[in-house]
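1. Below: sequence and its predicted model.
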Amino acid sequence: MLQFFFYLVLALLLIFVFSPLFLGVPFLPTHQKQARKMIELAQIKPGMKVVDLGSGAGRLLFLSAKSGAEATGYELNPFLILWTKMVIFFKRRQNQVKVFYKSIYKADISEADVIFLFLYPPHMKKLADKIFMECKPGAKIVSYVFKFPERAPILSEEGIFVYEK
């Protein structure tokens, strides 16, 4: 029985460590200080709808919910989804935070007031057209570290770039 648990834990660790290689986007958490700054720059208010593309462990989802927004995350790492769902349960945020196992390229962003991103440049370039075509007028797109190519942010502060449709 002990041997079974050893192999189970080993398999889970290998999947967690190597799954980013297959998914194409590694898990890089947004620092707490920058996450709070992103929330501030997005000017999140109660009732707003927030989407986090590549939501990771859900830091921006929970900060958005704390500000009164409805937050939806899209993630492909099953362990991060499980983690986020556990935190949703323990923080009792079932009515405010949701996370889905879905590609960022297939995410529904049509109703989002704010879209968060922390993605490598190839994904930023690939997503630019989708985001700026599908999001509603006035939506803010907030990117950490990486800019959209060929688009000028309306605001840039501390490695955070804010765009508006």
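-> Here it is on my side, so go on.

2. pLDDT score for the closest residue to Ser67 other than its chain neighbours?
-> Of all residues not flanking Ser67 in the chain, Ile44 sits nearest, at 4.3 Å (C-beta to C-beta, 6 or more residues apart in numbering). Where C-beta positions appear, they are placed from N, C-alpha and C, glycine not excepted. Reading off the confidence values, Ile44 has pLDDT 95.

3. now the one 4 residues further on
-> At Met48, the predicted lDDT confidence score is 97.

4. State the helix or strand in which the most centrally placed residue in the chain lies.
-> By C-alpha atoms, centre = their mean, the mean C-alpha position of the chain lies nearest to Ser55, the distance being 2.6 Å. Ser55 is part of no helix or strand when elements are defined by DSSP states H and E.

5. now the strands for this structure?
-> Ranges of strands in the chain, per DSSP state E, are 49-53, 70-75, 97-101, 114-117, 140-144, 155-157, 160-164.

6. Which residues does the fourth one contact?
-> By C-beta atoms under 8 Å, 6 or more residues apart in numbering, the list of residues contacting strand 114-117 from outside reads 38, 42, 44, 48-54, 60, 64, 69, 109, 124, 127, 131, 135, 139-144, 146.
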